[in-house]
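**Student:** sequence first, then the predicted structure:
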Amino acid sequence: MARMILIICGILFMFSIFTVQAAGTGESEKVKQKGAPDKGKDRPVEIKSVKEHFLVEIELSDNGLKVISKTLVPSAMPKQRMKNIRYPWSYRLFDLSGKEIYSGGMEDPFEVRGEFQNPRDPDKIDSYHFKRKGPVRFTVRIPAVTMSHRLEIRKLKPSGLRVLKPGKSDYIVVGTVLVDIGGIK
C-alpha cells in the first residue's frame, strides 16, 4: 500500500513540475503582451537567442487549435537524446513565408499513461493507457524567435504507424495556428 502511495505521489509530482514549468514565472507576462503586427515578412528567420526558448500551450478542440499561453524559458532548448524515435504526433514551425524552421515530435495528446501497483502482486507495476475526449491541452517547445510564426500540428495516419520511417504523405494535418510573438524584445 505504501509503495502504491509513493508511485501515485511521484506521478502527481511529475505533473506538478510540468504544470509549473508551463505556467512560467514573471517572464511570461512579456510574452503575453500584444505587439505591433509583423512588418518583416520578407526578412530571414531570426532566432532571438539560443539560450532561450518558448513553451507554447495549445488547446485542441472541435473548433481547431488555439494558443492558450506562451512562456519564455531562460534556458537553451533541451537536447534531443534519442533521435530515432518515431512519435505518433509531430509539429512543425514555419516562418510566414512558408519556410520550415523547426520540427519536433510528441506523444498523442488524447492518450494518458498511468502506472499502478498490481493489487495481486505488490512487486509488479501495471501500465495503462487511457483515451480522453477533447478538448485537450498540450505543450510544445519552439526556439525563441523574434516574429510571428505558423505552427502546424499533425499526426500519423493509421497506415503510417506501421512504416519505419514515415514520409510527408503518411501524416494528416490536424490544424495550424499562428504563434504571435510580436512585441517580444
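**Tutor:** Looks like it came in fine.
**Student:** what's the following helix or strand after the lowest-mean-pLDDT helix or strand in the chain?
**Tutor:** Across the helices and strands of the chain, mean confidence by mean pLDDT, DSSP states H and E is lowest for helix 27-32: a mean of 30. Note on helix 27-32: by DSSP states H and E, the next helix or strand toward the C-terminus is strand 47-61.
**Student:** that following strand pairs with which strands, and in what direction?
**Tutor:** Its sheet considered, strand 47-61 pairs with strand 64-73 (antiparallel), strand 136-145 (antiparallel) by DSSP bridges.
**Student:** wait, which of these is closest to Val179?
**Tutor:** strand 64-73 (6.0 Å; CB to CB). Backbone N, C-alpha and C define where each C-beta goes, glycine included.
**Student:** quick one: buried residues of that closest one?
**Tutor:** 65, 69-73 (16 or more other CB atoms under 10 Å).
**Student:** got the phi/psi numbers for Tyr91?
**Tutor:** phi -140, psi 150 (degrees, to the nearest 10).
**Student:** what's near enough to touch it?
**Tutor:** 103-106, 140, 151-154 (CB atoms under 8 Å, 6 or more residues apart in numbering).
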